[in-house]
Each structure stands twice: as structure tokens, then as C-alpha cells.
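*Asks:* give me coordinates for this.
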Amino acid sequence: MVRKSKREKKINEIIDISRSYPIDEAIELLKKSHSVKFDETVEYHAHLGVDPKYADQMVRGTLSLPNGTGKTVKVLVITSGENLKVAEESGADIVGGEEIIERIAKENFLDFDVVIASPDMMRNVSKIARILGPRGLMPNPKLGTVTKNIEKTVKEYKAGKIEYKVDKFGNIHISSGKISFEQEKIKGNFMAIHKEIVNARPKTLKGVYIKSLFITSTMGPGIKIDLDALKL
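*Replies:* Reported below is the predicted structural model:
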């Protein structure tokens, strides 16, 4: 028999995993169950009734969290000419052109969270697609990370703009802030994400779209959300 830790016992005492909770109560319980020393990331987890192998059922996009992510986002901009200075002045952490592409290719340099590129550099950026792509870092026009408006895009990502994409199993996981946030800020971010996902429902989908929804934290329990009580 596997013995439960004090932390697991505490969680089991306050959370009933067999029931669904209204969002306010769920956040309150999540904060009560927090006992580790670092500031955990709060996450939105949904299981969708889509089949991502079909292009018309892919759920993917970007949104800006009203209360930020609580995380310092490291932004790389690959561009040229006057845009190099624009990127630096806009707050980009790393700025470069051909030399940064070469560094990524030769050294597997990946010390950044987001890559933004100007359209004129995409032919060269495609040379490192095999490195960036599998890590979800490849600039994409549909996500706004291939853009002529470098200043606006850098500021958006530094302020809390995030990307999301359903996985091959129909699950979607989105970081939605930190456990140290006030309850209303956690709720505000969670509801902004939920509204975005609801609005991203594929038009061709029949049947149930959101099959289950949980709020959790890095080391915390998954708390099931009562979808019927969740009002947008």
C-alpha cells in the first residue's frame, strides 16, 4: 500500500474529486491546497470534442490575458534594417537577423519564449523551422508572429499575450496566471480564456464541444469545474 504524503492528505480533506465546483469555489480551494514554496502557475485544462487530425476541427489562436501571465516572457525578434532598432526600443529581449538564425542553427540556441519575425526574414527563418517548429516557436502569420508591426506585437507579448493549440487528443492546456494572484484576477484570466475557447468552436463540429473543464496548478490537484454554472 502506497502511503500518502501530508500534502496529499490535506488535498483529499478539502477537495472532493468526484464532484464539480463553481469557479469561485474551485479557485478558493486551489489556493487553500497550495503548500509548495514556489509561485505555482495556474492552468486552464479542457477536453474538447474535436478531432484535430481534421483541419476544420483545429482549435488554435492567441489571446491577451486581462491580468497578465505573471511570467516574464523572453521575446526574440528576427528582422532587418530599421526594424532592429524598433524591436529593441519596444522591449524585445533578443534582436537580430541572419546572425541569430545562424546561432540557432549551429548552437541550438533556444533561450526565448516567443519568436516574432518580419515578413522579409521568413525565407531565412524557414531554414530553422525543424528546430523551432517542434517547440511551438515557429513564427506564424495566423498567430500574428509574422508581422510588419513589430512594435505592437512585441508589446502585446510582453504584456501577457499567449498562444494556445489543442493537442492530438483533443486537450487544451493554457497557463492562466500565478497562484499568488488575487482570486478575482485568477478568475478574470480563467474566464477570458474560457470565452476565447467557446468562441473558437469549429463551425463544422457536431455534438458536445467542451466535454470537461478543470482548473489546476503546477503541483496542485485538478479541480473539475461545473460547466452549467459557468456564466460568460
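*Asks:* show me the shaky parts of the chain.
*Replies:* By pLDDT under 70, the weakly predicted segments of the chain are 1-12.
*Asks:* just checking, what's the longest helix in it?
*Replies:* When secondary structure is assigned using DSSP state H, the longest helix within the chain turns out to be helix 183-199.
*Asks:* domain assignment for the chain?
*Replies:* Domain assignment for the chain by automatic domain parsing gives 19-68+162-229, 75-159.
*Asks:* C-terminal to the longest helix of the chain, what's the next element?
*Replies:* Tracing the chain C-terminally past helix 183-199 and defining elements by DSSP states H and E, one meets strand 210-217 next.
*Asks:* give the pairing partners of the next helix or strand after that next one; include direction for each.
*Replies:* Beyond strand 210-217 on the C-terminal side, the first helix or strand identified by DSSP H and E is strand 223-224. If you go by DSSP bridges, strand 223-224 pairs up with strand 210-217 (antiparallel).
*Asks:* mind listing what the most centrally placed residue in the chain touches?
*Replies:* The residue at the geometric middle of the chain, judged as the C-alpha nearest the mean C-alpha position with C-alpha atoms, centre = their mean, is Ile174 (4.0 Å). Each residue near Ile174 by C-beta atoms under 8 Å, 6 or more residues apart in numbering is listed here: Glu43, Tyr44, Ile162, Tyr164, Ile193. Where you see a C-beta, it was placed from the backbone N, CA and C, and this is true even at glycine.
*Asks:* just Asp226 next, same as before
*Replies:* Contact criterion C-beta under 8 Å, 6+ apart gives Ser20, Tyr21, Pro22, Ile23 as the residues in contact with Asp226.
*Asks:* phi, psi of it?
*Replies:* Listed backbone geometry of Asp226 is phi -80, psi 100, with angles given as degrees, to the nearest 10.
*Asks:* that one and Glu182, how far apart?
*Replies:* The span separating Asp226 from Glu182 equals 22 Å under the rule C-beta to C-beta, to the nearest Å.
*Asks:* if we can go back for a sec, the contacts of Asp226 into JSON lines, with extra columns for distance to Pro119 and secondary structure?
*Replies:* JSON lines is the format used below for those (distance: C-beta to C-beta, whole Å; DSSP: H, G, I helix; E, B strand; the rest coil):
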{"residue": "Ser20", "distance to Pro119": "46", "secondary structure": "coil"}
{"residue": "Tyr21", "distance to Pro119": "46", "secondary structure": "strand"}
{"residue": "Pro22", "distance to Pro119": "46", "secondary structure": "coil"}
{"residue": "Ile23", "distance to Pro119": "41", "secondary structure": "helix"}
